[in-house]
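>>> Predicted model and sequence follow; I will ask about them next.
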Amino acid sequence: MAPDRALVEKRLVDLVRFVDELQRHRDVPPDELARDLSRLWAIELGLQLSIQIVVDLGNHLLASSGRSGGGWYDSR
């Protein structure tokens, strides 16, 4: 089964949008973040959503390849 190209493209567009938004906060000093809980949470959520897109895309591509990801972490 081939990957859903429209889905992959949409999620990549989302990822670029999220990373662009996160870039707006890259120069905020840590002490300012410590005082601004709302901004800290916004950044944390943006990072979590971005990471989730990467994980979801990886899972989609893995499933599309017909392979299973089960047990990859225990390949001793």
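Cool, the structure landed.
>>> OK, contacts around Leu49?
Neighbouring residues of Leu49 by C-beta atoms under 8 Å, 6 or more residues apart in numbering: Phe18. For the C-beta atoms, the positions are set from N, CA and C on the backbone; glycine is no exception.
>>> Show the low-confidence segments of the protein, by residue range.
68-76 (pLDDT under 70).
>>> let's go with 80 and repeat that
67-76 (pLDDT under 80).
>>> what about the longest helix in it?
Assignment by DSSP state H gives helix 37-64 as the longest helix of the chain.
>>> in that helix, what's buried?
Going by neighbour count (16 or more other C-beta atoms under 10 Å), the buried part of helix 37-64 is 40, 43, 46, 50, 53, 57.
>>> which one among these gets closest to Pro3?
Leu57 (8.9 Å; C-beta to C-beta).
>>> Once you drop chain neighbours, what's closest to the closest one?
Distance criterion C-beta to C-beta, 6 or more residues apart in numbering; nearest residue to Leu57, sequence neighbours excluded, is Arg11 at 5.6 Å.
>>> In this structure the one you found contacts Val55, no?
No - at 10.7 Å, Arg11 and Val55 do not qualify as touching, with contact defined as C-beta atoms under 8 Å.
>>> For stretch 53-68, output the C-alpha coordinates as CSV.
Presented in CSV, the C-alpha positions along stretch 53-68 are these (Å, rounded to 0.1, in the frame of the first residue of the first chain):
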residue,chain,number,x,y,z
ILE,A,53,3.5,15.0,13.4
VAL,A,54,6.9,13.4,12.9
VAL,A,55,5.9,10.3,14.8
ASP,A,56,2.6,10.0,13.0
LEU,A,57,4.3,10.4,9.6
GLY,A,58,6.9,7.8,10.5
ASN,A,59,4.1,5.4,11.6
HIS,A,60,2.2,6.1,8.4
LEU,A,61,5.2,5.5,6.2
LEU,A,62,6.1,2.3,8.1
ALA,A,63,2.6,1.0,7.8
SER,A,64,2.5,1.9,4.1
SER,A,65,5.6,-0.1,3.6
GLY,A,66,3.9,-3.2,4.9
ARG,A,67,6.5,-3.6,7.7
SER,A,68,5.8,-3.7,11.4
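>>> Name the helix or strand for Glu9, please.
Remark: Glu9 resides in helix 5-23, with elements defined by DSSP states H and E.
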